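Novice: Need the 3D shape of this:
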Amino acid sequence: MIVRIALLLGLLLLGAAPAGAEVRVKDLGRFLGWRENSLVGYGVVVGLAGSGDSPRSEVTRQAMRNVLSRMGANLLPEQVQSRNVAAVLVTATLPPSANLGDRIDVAVSSIGDARSLAGGTLLMTPLVGPDQRSYALAQGPLVVGGHRFDADLNSQQRNYPTSGRVPGGATVETALRAALVSADGKVTFVLNDADPETAERIAGSINGRFPAAARVRDAAAVEIAASAAGGDVNRLIADVGALSVTPDQSARVVINERTGTVVAGGGVQISSVVVSQGDIKVAVTAERYASQPDGYAAYAAGAAAGGLIVTNTRLDVTEGRRDAVRRFPAATVADLVEGLSQLKVDTRGVIAVLQAVKAAGALHAELVVQ
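Specialist: So this is what the prediction gives:
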């Protein structure tokens, strides 16, 4: 228990950034238009050792007919019966700036009834974007972090063998450039966490480097004149990203009740509060047994009346031995948790106390329960 409380206190202290710590602007957000792009494709994996899609999969049979027909082999549907192939969906992420010939990783997932993709090779698959335009071609052997083997109705499986990856398996065929400058000649910096004070500080830091170049559009965006660095947008972005500001921190306590984790800034304030922590356990035990009446007539009568099953219920109430009351003056959440650890309160108890303190209006922070 002491180890759990120590771990919880460590998480609280790690969650607290030093007061006045400066952070680079590039770590606080991104420039509007600088984003990754999702690609998807439909393909076929071959070379499987009998672990592919069954002949019942019409999608796989049709896909194999299309592949073989492009190579000059015309087959009827009933002639495609192999279990060494599998129909798959291929996904990839195209970076914001991509050049012809760049290599990107792809993920491959089975869409049929294949048992495993281990040992397979992905055939050439076009990857398209939301505009249905082909941006990359994927092909290569799969790396599968699992396996499944079947023999005589027995099977052994590790991880998820119906999905895998092809590292560097796609080649970019269409160059892509991020559109960072808007039609009115502005570059917009978007904050990860919208905050008016942080936005003002970022704009002030930019204006200190490029006078009168930036203005706060709203709590989540700062607009910068693209001509601030002599029209060199890349230089402007590099200079702005390297600036340092002190972000304004919101008072927030995050609680994950499933894992018993609490993370909070060490400076989150609480008002004077008295905490009474007790431990009462109530256990209800139900015991059922069948009565044995004498004679067939008695048995038939008891069965008809539904009285053969008898239930006894026992109620046990156990009072804990760790009941304690402690007064906490105006302090921080870290002080509160440290005091609760001295009372030998476990992590679940700490979570309950924090929720009660928030309900009492003594916790001056947003309480986020996950």
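
Novice: OK, contacts around the closest residue to residue 222 other than its chain neighbours?
Specialist: Take residue 222 and drop its neighbours on the chain: the residue closest to it by Cβ to Cβ, 6 or more residues apart in numbering is residue 189, 4.6 Å away. C-beta: built from backbone N, CA, C; applies to glycine. Residue 189 makes contact with 25, 29-32, 202, 221-224, 240, according to Cβ atoms under 8 Å, 6 or more residues apart in numbering.

Novice: Could you count how many residues lie near the residue lying closest to residue 100 once chain neighbours are set aside?
Specialist: Spatially, and ignoring its direct neighbours in sequence, residue 100 is nearest to residue 175 (5.4 Å; Cβ to Cβ, 6+ apart). By other Cβ atoms under 10 Å, the residues close to residue 175 number 12.

Novice: these two touch, right, residue 175 and residue 95?
Specialist: No - contact between residue 175 and residue 95 fails when scored by Cβ atoms under 8 Å: they sit 11.5 Å apart.

Novice: which outside residues touch stretch 199-215?
Specialist: By Cβ under 8 Å, 6+ apart, stretch 199-215 touches 25, 28, 189, 191, 216, 218-225, 228-229, 236, 239-240, 243-248.

Novice: before we move on, the earlier item: relative to residue 139, which of the contacts of residue 189 is nearest.
Specialist: residue 30 (32.0 Å; Cβ to Cβ).

Novice: Against residue 52, how distant is that closest one?
Specialist: 42 Å (Cβ to Cβ, to the nearest Å).

Novice: Compare the two (neighbour count), which wins?
Specialist: The neighbour comparison of residue 30 against residue 52 (other Cβ under 10 Å) goes to residue 52, with 26 against 15.

Novice: what about the closest residue to residue 269 other than its chain neighbours, neighbour count?
Specialist: Closest residue in space to residue 269, ignoring its immediate chain neighbours: residue 364 at 4.9 Å, by Cβ to Cβ, 6+ apart. When neighbours are defined as other Cβ under 10 Å, residue 364 has 13 of them.

Novice: start to end distance for stretch 164-182?
Specialist: With Cα to Cα, to the nearest Å applied, stretch 164-182 spans 39 Å between its terminal residues.

Novice: and residue 200, which of the three is it?
Specialist: Each residue gets one of three states, and residue 200 gets helix by DSSP: H, G, I helix; E, B strand; the rest coil.

Novice: Near it, how many other residues are there?
Specialist: 15.

Novice: Please apply the same query to residue 220.
Specialist: 18.

Novice: got a list of what it touches?
Specialist: 190-191, 194, 199.

Novice: Which parts of the chain are helices?
Specialist: For the chain, the helices defined by DSSP state H occupy 2-14, 58-70, 196-209, 233-242, 296-305, 333-342, 347-359.

Novice: how far away is the closest residue to residue 194 other than its chain neighbours from residue 32?
Specialist: Using Cβ to Cβ, 6+ apart and skipping residues adjacent in sequence, the residue nearest residue 194 is residue 220, 3.7 Å away. Distance, residue 220 to residue 32, by Cβ to Cβ: 10 Å.

Novice: which neighbours do these two share?
Specialist: residue 190.

Novice: Can you tell me how far the residue nearest to residue 222 is from residue 81?
Specialist: 58 Å.

Novice: quick one on the thing from earlier: which of the contacts of residue 189 has the most neighbours?
Specialist: Neighbour counts for these (other Cβ under 10 Å) peak at residue 222, which has 27 neighbours.
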